[in-house]
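Visitor: following is a predicted model, sequence given first.
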Amino acid sequence: MYLNGVEIEDTFAEAFSMRAARLTVTAINEQWARHAALAATGFATSVIGCGVEAGIEGNSQATPDGRAGVDCLFFASSKDDLEANLVKRVGQAIMTSPTSACYDGGLAEFPADFDGFSKFNIGGKLRFFGDGYQASKVIGSKRYWRIPVMEGEFLIEEEFTMSKAVGGGNFLILAESIESALQAAEAAVRKMQEIRGIILPFPGGVVRSGSKVGSKYKFMSASTNTDYCPTIRGRVESSALEEGINAVLEIVIDGLTDRLVGQAMASGIREAVQVPGVRRISAGNYGGRLGKYHFHLQQLLGLSGGEQG
Amino acid sequence: MSTQITLRLKEEPSLPVEAESINPENLNGKSLAEIQRLPLWSGKRSYPLEDYFEVEISDSAEQTGAWPQETDLLKVILWGDLSRFKRLGQGMSAGELEIQGSVGFHAGAEMRGGILRIKGNAGDWLGAHMEGGQILVEGSAGHFTGAAYRGKTQGMSGGSILIRGNAGQMAGSRMRRGLLAIGGDCGDAPGFKMLAGTLLIAGNSGIRAGSNMRRGTIIFLQPIKLLPTFYYNCCYRPIFWGLLVQELRSKGFDLSESASEAFFRRFSGDANEGGKGEILLCQSN
């Protein structure tokens, strides 16, 4: 099926259950809040090599301390991974950033009576950096830790909220040239970033080195996605590329709910197909055997049959 | 819509009345006759509640005002000058008790939850040993607000007491946790032997603030002379102050527009008790 003359492959993206938390980072102004948030969400493209997948959602609408703030989402494979990685990242990237403070950003995407929330402790672990001079302050129903640092105090909430979430939603943009593929990916990312509750963890929201499970080398658990590499199309019998496709880019989406991931995928694809030179939209999956969530591209886009648009 | 019980004082009593039985939990589910028969002690005798109050049971109408609402819980409203009624709301843990007038000693003492609104003044020992909930006073309070009774080592251990007017002596004495905010002035020795928690005094204070305090925070928005056992650290803007300002404003406690931008001089003390407590003196006024 086609959308704006671009083939939408009859396939699906396969996504997994993850654990997610939202952190609100505040500082004296937006610039310093963003410095801290960028450091904390840096090197967080894939749980395989980075422990967590993370991204900045955008500026906070309202922050607990009334200062400028940035909301970040973090995804990990398990509760323990999320807690362990966030203790490191908050300690090394947010606490170190001048004037910063860090709060539980909550997960408003879920209903108030949702019973899938759990709490995990970051502030209560980082407090020991205070070497005995740390102090807690209970405000409302929440406990905060005040850790003395060289320019004042680092304030961090004791407990943060985590919930089950969805990681690994994706789609592939197959284009005639890298210029077309990149232009389409950039347009898709801009549109998808308007949606709260999702992140695009790769650089600029785009990944070029998609991977497949396994390798010819025993010590590698994953290797380059040979079926989608144009430079070896003639050598790979199972290549998924037809002649004329010279560049493929992938957009990976993690979201708090499957609805948000599907919504983001659909809006991104609709933007990508507007760019001249885009030939086909596909998605990555493992045959449906590994991931709980399947996002069928044609269903997401409401394509019931025949060429659209 | 929740049930509302209204008690209107018939006549101011000549003797103090022990009124700890008047709280939302105790009245909840009782019939009009049962409420009218509730015993209230005065002197050595017990009198039925109807001797003092006219009782009315109705559905609660939505109300607007500066203080927050908990409309899904039982609400009890008392009308009249209840300055001679002691222990109103003592030990309450849910619902809302609103007093359209002043109250006597021990109001909200040992309170564990719910909201106690006092539109007039409160007597001594307001919220003594309080564990949770909110007390909101539009007038002033007497001595020993949030404090510990004689012989006890810990005063209030949770919840919040917000007073728009003044407070008497030894406010927050021995408090262990929670928030006590005074919009006006307070008497001598606020935060005496304080163990933890937060005490905010927006107006002027008497002498010996924080004497023998071990931990916790006392915040003064007006200048005050401190005891020599408090030593100066630095001038800075505590980040938690921004949270506290938002919390107080959300509960209807008045603070100036620029309050959240304030700088404070931080003192540690009381040195006689280890110096882990802090006093923050606002530098922006």
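Guide: Looks like it arrived, so ask away.
Visitor: quick one: mean pLDDT over the helix or strand encompassing A:Asn170.
Guide: Taking DSSP states H and E as the criterion, A:Asn170 maps to strand A:159-175. Taken as a whole, strand A:159-175 has a mean pLDDT of 97.
Visitor: can it be found next to chain B?
Guide: No: judged by Cβ under 8 Å from any Cβ of the partner chain, strand A:159-175 stays clear of chain B, getting no closer than 15.1 Å. Heads up, the C-betas are built off the backbone N, CA and C, glycines and all.
Visitor: which phi and psi does B:Asn26 have?
Guide: phi -70, psi -30 (degrees, to the nearest 10).
Visitor: how close does it get to A:Thr45?
Guide: B:Asn26 sits 60 Å away from A:Thr45, taking Cβ to Cβ, to the nearest Å as the criterion.
Visitor: of the two, who's got more company?
Guide: A:Thr45 (20 against 16; other Cβ atoms under 10 Å in any protein chain shown).
Visitor: residues contacting the more buried one?
Guide: Residues near A:Thr45 by Cβ atoms under 8 Å, 6 or more residues apart in numbering or on different chains: A:Glu53, A:Pro201, A:Phe202, A:Pro203, A:Val207.
Visitor: if we go to 7 Å?
Guide: A:Glu53, A:Pro201, A:Phe202 (Cβ atoms under 7 Å, 6 or more residues apart in numbering or on different chains).
Visitor: how many residues are close by the first one?
Guide: Which is A:Glu53. 26.
Visitor: repeat for the last one
Guide: For A:Phe202, the count of nearby residues is 21 (other Cβ under 10 Å).
Visitor: secondary structure and pLDDT added to the contacts of A:Thr45, as JSON lines?
Guide: Formatted as JSON lines, the contacts of A:Thr45 follow (DSSP: H, G, I helix; E, B strand; the rest coil; pLDDT from 0 to 100):
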{"residue": "A:Glu53", "secondary structure": "strand", "pLDDT": "98"}
{"residue": "A:Pro201", "secondary structure": "coil", "pLDDT": "97"}
{"residue": "A:Phe202", "secondary structure": "coil", "pLDDT": "97"}
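Visitor: give me every residue that touches the residue of the stretch 201-309 of chain A at minimum distance from chain B.
Guide: Using Cβ to the nearest Cβ, the single residue of the stretch 201-309 of chain A nearest to chain B is A:Leu256, 25.1 Å away. Residues near A:Leu256 by Cβ under 7 Å, 6+ apart: A:Ala20, A:Leu107, A:Glu109, A:Ala165, A:Gly197.
Visitor: so which of those is the most crowded?
Guide: A:Ala165 (30 neighbours).
Visitor: tell me how far that residue lies from A:Gly116.
Guide: Separation of A:Ala165 from A:Gly116 (Cβ to Cβ) stands at 10 Å.
Visitor: check for me that A:Val252 belongs to a strand.
Guide: Yes: applying DSSP: H, G, I helix; E, B strand; the rest coil, one finds A:Val252 inside a strand.
Visitor: from chain B, how far off is the residue nearest to it when sequence neighbours are not counted?
Guide: Excluding its sequence neighbours, the residue lying closest to A:Val252 (Cβ to Cβ, 6 or more residues apart in numbering or on different chains) is A:Asn170, at 4.8 Å. Counting by Cβ to the nearest Cβ, to the nearest Å, the gap from A:Asn170 to chain B is 39 Å.
Visitor: then A:Glu83?
Guide: 23 Å.
Visitor: just give me the neighbour total for that residue.
Guide: Other residues near A:Glu83 come to 19 when the count uses other Cβ under 10 Å.
Visitor: please name the nearest non-neighbouring residue to it.
Guide: A:Phe120 (4.4 Å).
Visitor: repeat for A:Pro203
Guide: For A:Pro203, the closest residue by Cβ to Cβ, 6+ apart turns out to be A:Thr45, at 7.2 Å.
Visitor: that neighbour: what secondary structure?
Guide: coil.
Visitor: re the thing from before, quick check: the residue of the stretch 201-309 of chain A closest to chain B vs A:Phe171, distance?
Guide: 19 Å.
Visitor: for the residue in chain A positioned nearest to chain B, which residues are in contact?
Guide: Relative to chain B, the nearest point of chain A is A:Asp65 (3.3 Å; Cβ to the nearest Cβ). Counting by Cβ under 7 Å, 6+ apart, A:Asp65 makes contact with A:Thr26, A:Ala101, B:Ile239, B:Gly242, B:Leu243.
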